[in-house]
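Engineer: Sequence and predicted model, in that order:
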Amino acid sequence: MNPETSMNSLPFTSSTPFTMGIELELQLVNRRNYNLATDAVDLLAWIEPRELQNQIKLEITQGMIELNSGIHTRVDHLLEELKDLRGALTRGAHHLNIDVAGGGAHPFQNWSEQRITPSERFHYLHEKYGYLAKTFTVFGQHIHIGVANGDDALYLTHGFSRYVPHFIALSAASPFYQGVDTAFDSSRSNVVRAFPLAGTAPVVTKWSDFEKYYDELIDLGIIIGMKDFYWDIRPKPEYGTVEIRVCDTPLTLEHAALLGCYAQLLARWILTERPFEVDDDFYLLYQYNRFEASRYGLDGEMAQHGEDKAAAAGKQSIFVSILDRLQDLKRFAQNEAEVQVLKRLRHMAYERLNDAAWLRETYKKRGSLNDVMRLSSELWMKHSAPPYFH
């Protein structure tokens with residue numbers, strides 16, 4: 001190990017615990033046939049007011065744009081900011097005669113037709129990962145939760161992993177991919193798994209141990225920095241956050257805010273009560289549970305060890321697991337907005353409602369994936385709440 005990098009090589013920036021922010025990767029579609037457009041670079045020039053350009057960023061291919069919220073303590077304030085950002089984005093899109101949409105994957109785009117965005121890092125990724133870089137034209141919501149220190153960040157990273165099936169099932173919005181119904185509620189989940197440094201963080205609980213692991217991979221030339229980890233949940237030491245990366249981008253803004261608040265409430269519980277013992281077998285059932293959520297959504301099953309204080313051993317329906325957790329999280333709600341989030345998430349889980357079901361039902365009615373994208377873009381640009389709340 002390089003002695004120059006072994007001492008505090010990856011300092012963790014403390015942030016206010018339980019604050020939250022989200023990133024949304026969004027689809028840019030043309031108005032001719034609602035395939036992906038290639039206008040992301042031009043779109044940035046049309047964003048007004050100009051300071052919002054700091055929160056709207058390019059992504060790896062040119063049919064994508066990323067929207068970044070500020071840091072929030074309240075979900076209702078987060079949603080108001082998202083509406084302002086949406087307004088700036090849609091006004092800019094109209095100048096270019098394109099629309100903006102949510103969803104975890106475009107239903108019929110061809111990955112080979114995508115253009116890499118001009119950027120040193122994006123060209124490096126394309127050279128390193130080959131075709132995987134273009135297949136990464138999928139769209140996710142990332143949720144950041146603030147933590148005080150690196151040890152807390154690692155515990156929360158592991159704790160959140162127990163609820164990856166919840167986040168996948170609640171956000172699932174990519175049943176169609178490359179023109180076919182994949183039979184998965186979230187096909188995006190499988191695309192992300194193709195990268196060599198995907199999966200889960202190492203089973204360490206001390207930030208000093210994580211720094212040693214990080215230094216070893218740096219010295220071996222396996223990574224350049226934290227961005228090279230495509231883990232489902234990862235610490236972000238430069239932000240002082242833990243980042244959940246498994247969600248499909250929802251079709252509406254309120255849905256995205258609900259997921260952010262769910263992460264915030266879970267973090268309060270996990271870091272307050274420390275319900276998990278993180279050991280070598282902690283991720284033993286992880287891949288099975290992740291698959292069930294990606295494949296079946298809220299109708300999937302979760303297998304549980306039983307040694308955790310949070311759950312008994314055996315299998316449980318994902319929607320039932322969500323309902324149980326929401327019931328327990330009521331005691332961590334701090335305002336009426338959070339109480340309403342719990343009610344809305346309960347409705348989604350109890351009725352087994354997610355965006356994948358809406359996309360399939362819309363295709364069944366319209367018979368055209370082009371129409372599905374047209375209606376999906378209208379939903380994102382004009383409505384805040386999911387269609388099953390209208």
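Structural biologist: Perfect, thanks for sending it. Numbering: from 1, shown residues only.

Engineer: what kind of secondary structure is residue 303 in?
Structural biologist: Put simply, residue 303 is strand when judged by DSSP: H, G, I helix; E, B strand; the rest coil.

Engineer: quick one, what contacts it?
Structural biologist: 285, 288-289, 314-315 (Cβ atoms under 8 Å, 6 or more residues apart in numbering). All C-beta spots, glycine's among them, are computed from the backbone N, C-alpha and C.

Engineer: The residues you listed in helices, which ones?
Structural biologist: 288-289 (DSSP state H).

Engineer: How about the contacts made by residue 202?
Structural biologist: The neighbours of residue 202, taking Cβ under 8 Å, 6+ apart as the test, are 210, 213.

Engineer: residue ranges with poor pLDDT in this structure?
Structural biologist: By pLDDT under 70, the low-scoring segments of the chain are 1-8, 306-312, 390.

Engineer: try 80 this time
Structural biologist: Applying pLDDT under 80 to the chain picks out residues 1-8, 60, 111, 133, 305-313, 389-390.

Engineer: sorry, back to before: of the contacts of residue 303, which is the most crowded?
Structural biologist: Highest neighbour count within those: residue 289, with 25 neighbours (other Cβ atoms under 10 Å).

Engineer: any idea how far that residue is from residue 302?
Structural biologist: Residue 289 is 5 Å from residue 302, where distance means Cβ to Cβ, to the nearest Å.

Engineer: Overlap of the contact sets of those two?
Structural biologist: Jointly contacting residue 289 and residue 302 under the rule Cβ under 8 Å, 6+ apart are residue 165.

Engineer: In the stretch 151-300 of the chain, what residue spans correspond to helices?
Structural biologist: Residue ranges of the helices in the stretch 151-300 of the chain, as given by DSSP state H, counting those that start in this stretch, are 164-171, 188-192, 207-219, 253-273, 286-296.

Engineer: Can you tell me which of these is most buried?
Structural biologist: Stretch with highest mean neighbour count among the helices of the stretch 151-300 of the chain: helix 164-171 (a mean of 28; mean count of other Cβ atoms under 10 Å).

Engineer: any residues touching it, and which ones?
Structural biologist: Against helix 164-171 from outside (Cβ under 8 Å, 6+ apart): 104, 141, 185-186, 189, 232-233, 244, 246-250, 255, 258-259, 262-263, 286, 289-290, 292-294, 296-298, 300, 302, 318-319, 321-322, 325, 345, 348-349, 354-355.

Engineer: what's the offset of that helix from the middle of its chain?
Structural biologist: 10 Å (Cα atoms, centre = their mean, to the nearest Å).

Engineer: Now do it and helix 286-296, the angle between them.
Structural biologist: Using axes from the mean of the first three to the mean of the last three Cα atoms, to 10 degrees, the direction of helix 164-171 lies 10 degrees away from that of helix 286-296.

Engineer: C-alpha coordinates for helix 164-171, PDB please?
Structural biologist: Taking Å, rounded to 0.1, in the frame of the first residue of the first chain, the C-alpha atoms of helix 164-171 are listed here in PDB:
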ATOM      1  CA  VAL A 164     -33.400  -2.400  -1.600                       C
ATOM      2  CA  PRO A 165     -36.400  -4.600  -2.600                       C
ATOM      3  CA  HIS A 166     -38.700  -1.900  -1.200                       C
ATOM      4  CA  PHE A 167     -37.100   0.800  -3.300                       C
ATOM      5  CA  ILE A 168     -37.000  -1.200  -6.500                       C
ATOM      6  CA  ALA A 169     -40.600  -2.400  -6.200                       C
ATOM      7  CA  LEU A 170     -42.000   1.000  -5.300                       C
ATOM      8  CA  SER A 171     -40.100   2.800  -8.100                       C
END
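
Engineer: Next, the angle from that helix to helix 253-273.
Structural biologist: 160 degrees.

Engineer: helix/strand/coil for residue 144?
Structural biologist: Per three-state DSSP, residue 144 ends up strand.

Engineer: Residue 25: which of the helices of the stretch 151-300 of the chain is closest?
Structural biologist: helix 188-192 (9.9 Å; Cβ to Cβ).
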